[in-house]
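[1] Task: produce atomic coordinates for the following.
(chains A and B)
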Amino acid sequence: GESVGLHLPTLSVQEGDNSIINCAYSNSASDYFIWYKQESGKGPQFIIDIRSNMDKRQGQRVTVLLNKTVKHLSLQIAATQPGDSAVYFCAGGTSYGKLTFGQGTILTVHP
Amino acid sequence: EAGVVQSPRYKIIEKKQPVAFWCNPISGHNTLYWYLQNLGQGPELLIRYENEEAVDDSQLPKDRFSAERLKGVDSTLKIQPAELGDSAVYLCASSVRGDTQYFGPGTRLTVL
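    Residues are numbered from 1 along each chain as shown, chains lettered A, B, ... in the order given. All right, here's what the predicted structure looks like:
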């Protein structure tokens, strides 16, 4: 079946550093991939997505890279800020709306 | 634009009691989802609606869980009777068809 997983459960960085959160997927059926940020007590917040026919997409301070050869997805956050501290989930999605989430990575940003 | 609204935000009940969660999706979003999220895990889909039709309820434990979206807008998720293992966060999300899903704040259920 389709599954999406993360390499590391926790990541600690210093404020101002760049962060890289990784995600591996096992099934190539996803039409797109999404990164969500979830703060304590809140629902997942959309960050950025990428279609399966793309390799890279950039947003404000964030970049998502997709390597279909090795079935790997990453989220890069530039100049990480304390407000970026949260749990980050990757998810694979299909065109009819089925999302499969990974376990999540806890990002902690130290001032 | 208002986001997905859920209520209540927190609910504490004793086992075997019934409980209901309510969701109001983003205006214009015809697709509505209910997810269950256990601590430290990603959300897991329970049911997906396209307008008022449940198009994917394969992961919904139908012996005790039920959901409805009578007019294709608001939705209610019910558990009867609740069990200890149902303690989790119940998330509602909405989208325009299969596009990006936007989540509500969730309802944290504690079953004692």
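[2] Point out where chain A drops to low pLDDT.
    A:1-8, A:27 (pLDDT under 70).
[3] who's in contact with the residue in chain A that chain B sits nearest to?
    Proximity to chain B, evaluated over chain A using Cβ to the nearest Cβ, is greatest for A:Phe101 at 2.8 Å. The way it works is simple: take the backbone N, C-alpha and C, and place the C-beta from them, glycine included. Neighbouring residues of A:Phe101 by Cβ atoms under 8 Å, 6 or more residues apart in numbering or on different chains: A:4, A:36, A:89-91, B:41-44.
[4] Whichever of those end up buried, select them in PyMOL.
    The following PyMOL line selects those of the contacts of A:Phe101 that are buried, judged by 16 or more other Cβ atoms under 10 Å in any protein chain shown:
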select buried, (chain A and resi 4+36+89+90+91) or (chain B and resi 42+43)
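[5] hmm, which helix or strand of chain B has the shakiest average pLDDT?
    Least confident helix or strand, chain B: strand B:53-56 with a mean of 93, by mean pLDDT, DSSP states H and E.
[6] List of residues touching whichever helix or strand comes after that strand?
    As assigned by DSSP states H and E, the chain's next helix or strand after strand B:53-56 is strand B:65-68. Applying Cβ under 8 Å, 6+ apart, the contact partners of strand B:65-68 are B:34, B:46-47, B:49, B:54, B:57, B:60, B:75-80.
[7] so how far does stretch A:92-103 reach from one end to the other?
    Between the opening and closing residues of stretch A:92-103 there is a gap of 12 Å (Cα to Cα, to the nearest Å).
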